[in-house]
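Asker: Fold the stuff below for me.
(one chain, ligands or ions: 2)
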Amino acid sequence: MSISAFIFDLDGVIVDTAKYHYLAWKKLANELGFEFTKDQNELFKGVSRKRCLEILLDIGGVTATQEQFDKWMIEKNEDYLEYIEKMDASEILPDVHKVLDFLKERNIPIALGSASKNARPILKKVNLLTYFDAIVDGNDVTKAKPDPEVFLIAAGKLATAPEKCLVFEDAVAGIQAANNAKMLSIGIGHPDILSEAKYNFNDFTEISIDFLNDLISE
Ligand code: B16
Ligand code: MG
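Answerer: Numbering: from 1, shown residues only. Ligands and ions are numbered 1, 2, ... in the order given. Sure thing, here's the model as predicted:
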């Protein structure tokens, strides 16, 4: 299929940090006097921190001054970082290493394309930083997924045409961003939710070496 560069989303693809985002957002919601459920947390996947807080306040019917908004953003992130601090390589999702090693052994460029501003510290904690030839995260973009910006910057950093790039994503907006960038989109998660992806897998254990070989073959 002639794919020559691979781009990975972070949360939900490489590690399951959604559970820590959830705990930190839930704590803030409870402090503000309302409940925040796991189902509601689904809306936050692939969404920027600022947008998540806007949605959370909508859910709780809370209006905030700019000062309160900024304070709550910081508070949530500080709580989230306490969980990140305790992460290690055991939190890497199944068979992520298999795919990364396959690519590394063949010198195929690898990038990260994530909405998170904490991407670098997370990759460092789980010992994967050295695998990535380029990292594009929430600090580098002005437009959120489904805008293709994050993936197009990644392709540029890898000096690869978008049509030759593949994206692994767990969020609907992320799959749309990959499609908008004219890249090959692979959904990691529930196929019904990620139906716009070109290919779907529940996780990396379902991705075979034969499939990877097909992707990179001329
Ligand atoms: P932070 P991804 C996204 O990461 C998460 O899915 C989303 O839930 C989170 O709000 C966003 O990062 C921002 O994260 O607060 O760390 O900057 O899936 O694009 O890797
Ligand atoms: Mg994600």
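Asker: where along the chain do the strands fall?
Answerer: 5-8, 110-113, 134-136, 165-169, 184-188, 199-201 (DSSP state E).
Asker: Take those strands and lay them out in a markdown table including mean neighbour count.
Answerer: Glycine gets a C-beta too; all of them are placed from N, C-alpha and C. Listed next are the strands of the chain as a markdown table, based on neighbours: other CB atoms under 10 Å:
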| stretch | mean neighbour count |
| --- | --- |
| strand 5-8 | 26 |
| strand 110-113 | 26 |
| strand 134-136 | 21 |
| strand 165-169 | 27 |
| strand 184-188 | 25 |
| strand 199-201 | 18 |
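Asker: Any idea which helix or strand in the protein has the lowest mean pLDDT?
Answerer: Here the helix or strand of the chain ranked lowest by mean pLDDT, DSSP states H and E is helix 38-41, holding a mean of 92.
Asker: From the contact counts, what lies against that one?
Answerer: Other elements packing on helix 38-41 under the criterion 3 or more CB pairs under 8 Å, 6 or more residues apart in numbering; DSSP states H and E are helix 18-31.
Asker: If you count neighbours, what's buried in the helix it packs on?
Answerer: Across helix 18-31, burial judged by 16 or more other CB atoms under 10 Å covers A18, Y20, H21, Y22, A24, W25, K26, L28, A29.
Asker: Show me how this protein divides into domains.
Answerer: Annotated domains of the chain cover 5-15+91-216, 18-84 [automatic domain parsing].
Asker: which residues does K182 contact?
Answerer: P148, P162, E163 (CB atoms under 8 Å, 6 or more residues apart in numbering).
Asker: go on, I193?
Answerer: V172, G187.
Asker: please redo it, this time with the cut-off set to 10 Å
Answerer: E42, K45, D170, A171, V172, I175, G187, N200 (CB atoms under 10 Å, 6 or more residues apart in numbering).
Asker: what are the phi and psi angles of it?
Answerer: phi -80, psi -40 (degrees, to the nearest 10).
Asker: before we move on, the earlier item: so which of the buried residues of helix 18-31 reach ligand 1?
Answerer: H21 (CB under 6 Å from any ligand atom).
Asker: possible to save the buried residues of helix 18-31 as CSV with distance to E78 and pLDDT?
Answerer: Formatted as CSV, the buried residues of helix 18-31 follow (distance: CB to CB, whole Å; pLDDT from 0 to 100):
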residue, distance to E78, pLDDT
A18, 18, 93
Y20, 12, 97
H21, 13, 97
Y22, 16, 97
A24, 8, 98
W25, 13, 98
K26, 15, 98
L28, 11, 98
A29, 16, 98
